[in-house]
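Trainee: Here's my sequence, what's the structure:
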Amino acid sequence: MKVLLVNGSPHADGCTNRALEEVEKALQKQGVETEIFHIGKGSVGGCTACCACAKLGKCVIDDAVNRFAEKAKTADGFVFGSPVYYASAAGSMVGFMDRLFYSASKTMAFKPAAAVASARRAGTVSTFDGLNKYFTINNMPVVSANYWNGVHGANNTPADVEQDEEGLQTMRLLGNNMAWLLRCIQLGKQQGIQPETEPKLRTNFIQK
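Mentor: Here you go, the predicted structure:
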């Protein structure tokens, strides 16, 4: 079993990464293979609504989104982490998520996912809520802990996160719960248990 953890911060070794490392350690302790994927320091543009991904099977903009989507094919679960910018996820992370879920939604469907937010003080809950919406529109079980998945640290200093004992505990429990759910899904598949699906319906409330 393998879990991909996404660092959506421009800082490769900042507070968001420190939170993901705590999740990663718990997963590894449970025997789960992990990889932290950094989306990079440069800008990740948003979706241009060209719809080319429907034909290409990948985003027409060949950047971190396509690199991650390729890795996602062999992953069993995901953790998406973002710093908080103005009470929401970082702009590059939003662009990354929008394009990823448009172009590679089938690759990730029915695989467990979790969101992690990092802030100096406030905004973790709204960021956490925004990221979770990507999973719930894509048939992905949402993994929880014993609190909303967030850590606090000022000025992108990982040492600050070390003082957030409750936040770090939340990260460890998130990792443990992800490992537990992955094992449950694995055992279910061995028994031939698969989710039942239906064709997607779209209601626009337009009078004919």
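
Trainee: Need phi/psi at the spatially most central residue of the chain.
Mentor: Centroid-nearest residue in the chain: Phe80, 2.4 Å away (criterion: C-alpha atoms, centre = their mean). Main-chain dihedrals, Phe80, degrees, to the nearest 10: phi -110, psi 120.

Trainee: ok, the nearest residue to it once chain neighbours are set aside - contacts?
Mentor: Closest residue to Phe80 apart from its sequence neighbours, by C-beta to C-beta, 6 or more residues apart in numbering: Val6 at 4.7 Å. Yep, even glycine has a C-beta here, placed from its N, CA and C like the rest. Going by C-beta atoms under 8 Å, 6 or more residues apart in numbering, Val6 touches 36-37, 39, 68, 78-81, 96.

Trainee: Just give me the closest of those residues to Asn139.
Mentor: Phe78 (13.2 Å; C-beta to C-beta).

Trainee: which SSE is the closest one in?
Mentor: Per DSSP states H and E, Phe78 falls inside strand 77-85.

Trainee: now the next helix or strand after that strand, how far from the centre of its chain.
Mentor: Counting by DSSP H and E, the next helix or strand C-terminal to strand 77-85 is strand 88-89. Chain-centre distance of strand 88-89: 13 Å, with C-alpha atoms, centre = their mean, to the nearest Å.

Trainee: next SSE after strand 88-89?
Mentor: That would be, after strand 88-89 and using DSSP H and E, helix 91-103.

Trainee: Show me which residues of that following helix are buried.
Mentor: The neighbour-count check on helix 91-103 (16 or more other C-beta atoms under 10 Å) flags 91-101, 103 as buried.

Trainee: That one: what's the following helix or strand?
Mentor: Proceeding N to C from helix 91-103, the next assigned helix or strand is helix 105-108, under DSSP H and E.

Trainee: what about the nearest residue to Met140 once chain neighbours are set aside, how many neighbours?
Mentor: For Met140, ignoring the flanking residues on the chain, the nearest one in space by C-beta to C-beta, 6+ apart is Ala113 at 4.6 Å. Residues contacting Ala113 under the criterion other C-beta atoms under 10 Å number 23.

Trainee: Wait, Ala113 touches Ala75, no?
Mentor: No. If you go by C-beta atoms under 8 Å, Ala113 and Ala75 don't touch, sitting 10.1 Å apart.

Trainee: Closest one to Ala154 out of the buried residues of helix 91-103, please.
Mentor: Nearest to Ala154 among those, with distances taken as C-beta to C-beta, is Met93, at 19.7 Å.

Trainee: Assumed Lys133 was part of a helix.
Mentor: Yes. The assignment for Lys133 (DSSP: H, G, I helix; E, B strand; the rest coil) places it in a helix.

Trainee: and it, what pLDDT?
Mentor: For Lys133, the pLDDT comes out at 98.

Trainee: that's a strand at the residue nearest to Phe80, yeah?
Mentor: Yes. Assigned with three-state DSSP, Val6 falls within a strand.

Trainee: Quick check: bridge partners of it?
Mentor: Listed by DSSP bridges, the beta-bridge partners for Val6 are Phe37, Phe80.

Trainee: how close does it get to Met108?
Mentor: Using C-beta to C-beta, to the nearest Å, one gets 11 Å for the distance from Val6 to Met108.

Trainee: between the two, what contacts are shared?
Mentor: Taking C-beta under 8 Å, 6+ apart as the criterion, Val6 and Met108 both touch Phe78.
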